[in-house]
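K.L.:
below are the sequence and a predicted model; questions follow.
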Amino acid sequence: MNTAVESTLRQVLSREMLGYYVKEYELLTAERGREFVVLGAERIAYRVGLCQNGYEIQRESESGTAVHPLLRAPAHGLHKHAIGKAMVSGALFTSALH
């Protein structure tokens, strides 16, 4: 991966960090949800928003369009989703806001 790109990414290591980054983005941009990427052999992108009991998760294509139906994941069950697994393994990132 390009070092310049790496320096603009923020690693997400907990549900608290995930929630913070989503809220930060929504407050500063007035847009719902924030894009997160799972780094690995592929760069899989997700748009994550907050809902009453947890998270709204939407997988996105490289162009930013939805490729899977919206999924609602309870906070206590996030570890079962690819985002939760990536977070635990240190592979979940989001772009820094400028």
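P.N.:
Alright, I've got the coordinates.
K.L.:
contacting residues for Arg32?
P.N.:
Taking C-beta atoms under 8 Å, 6 or more residues apart in numbering, we find Arg32 in contact with 26, 49. Where C-beta positions appear, they are placed from N, C-alpha and C, glycine not excepted.
K.L.:
that one: what secondary structure?
P.N.:
Here Arg32 is coil, with the state taken from DSSP: H, G, I helix; E, B strand; the rest coil.
K.L.:
what's the longest strand in the chain?
P.N.:
strand 43-51 (DSSP state E).
K.L.:
now for it, which elements pack on it?
P.N.:
Contact partners of strand 43-51 among helices and strands, from 3 or more C-beta pairs under 8 Å, 6 or more residues apart in numbering; DSSP states H and E: helix 15-29, strand 34-39, strand 54-60, helix 82-89.
K.L.:
which of the residues in the first one are buried?
P.N.:
This points to helix 15-29. Within helix 15-29, the residues that count as buried by 16 or more other C-beta atoms under 10 Å are 15, 18-19, 21-22, 25.
K.L.:
hey, what's the residue positioned nearest the centre of the chain bridged with?
P.N.:
With distances taken as C-alpha atoms, centre = their mean, Phe36 lies nearest the centre of the chain, 2.9 Å away. Using DSSP bridges, the bridge partners assigned to Phe36 are Tyr46, Thr94.
K.L.:
separation between it and Glu60?
P.N.:
10 Å (C-beta to C-beta, to the nearest Å).
K.L.:
what touches both of those two?
P.N.:
Common contacts of Phe36 and Glu60, defined by C-beta under 8 Å, 6+ apart, comprise 45-47.
K.L.:
between those residues, which sits nearest His68?
P.N.:
Nearest to His68 among these is Tyr46, at 9.3 Å by C-beta to C-beta.
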